[in-house]
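# the amino acid sequence is not available; the structure is as follows:
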């Protein structure tokens, strides 16, 4: 039997990726930013592949971030 709480949790996860990430980028003396979100890596991807895809996606949103250093990166399964 499915409870209301389980149904609500399933609805909340719809549209979310399989992994949660947090990335902080910095250009010393110019700018820094932190972004978080969810991501579903393509089949067969490695952690390095996911990092590169997320870095490119975040830096492509703002040309000022091109070449920014990564101060923090976290990628974990998006399930408790």
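Noted; the coordinates are in hand. All of these numbers come straight from a predicted model, not from anything done at the bench.

# my read: residue 47 touches residue 75, true?
Yes. Between residue 47 and residue 75 a contact is recorded at 6.5 Å, counting by C-beta atoms under 8 Å. Using the backbone N, CA and C atoms, a C-beta is placed for each residue, glycine as well.

# quick one: the strands in this protein, in order.
Taking DSSP state E to define them, one finds strands in the chain at 19-27, 31-39, 69-77.

# mean pLDDT and mean neighbour count added to those, as JSON lines?
Formatted as JSON lines, these follow (pLDDT from 0 to 100; neighbours: other C-beta atoms under 10 Å):
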{"stretch": "strand 19-27", "mean pLDDT": "97", "mean neighbour count": "18"}
{"stretch": "strand 31-39", "mean pLDDT": "96", "mean neighbour count": "14"}
{"stretch": "strand 69-77", "mean pLDDT": "97", "mean neighbour count": "12"}
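
# so for residue 51, which of these sits nearest?
For those, proximity to residue 51 was assessed by C-beta to C-beta; strand 69-77 is nearest, at 6.2 Å.

# elements contacting that closest one?
Here strand 69-77 touches strand 19-27, strand 31-39, helix 47-60, going by 3 or more C-beta pairs under 8 Å, 6 or more residues apart in numbering; DSSP states H and E.

# strand 31-39 and that one, what's the angle between them?
20 degrees (axes from the mean of the first three to the mean of the last three C-alpha atoms, to 10 degrees).

# tell me the strands beside strand 69-77, with direction?
strand 19-27 (antiparallel) (DSSP bridges).
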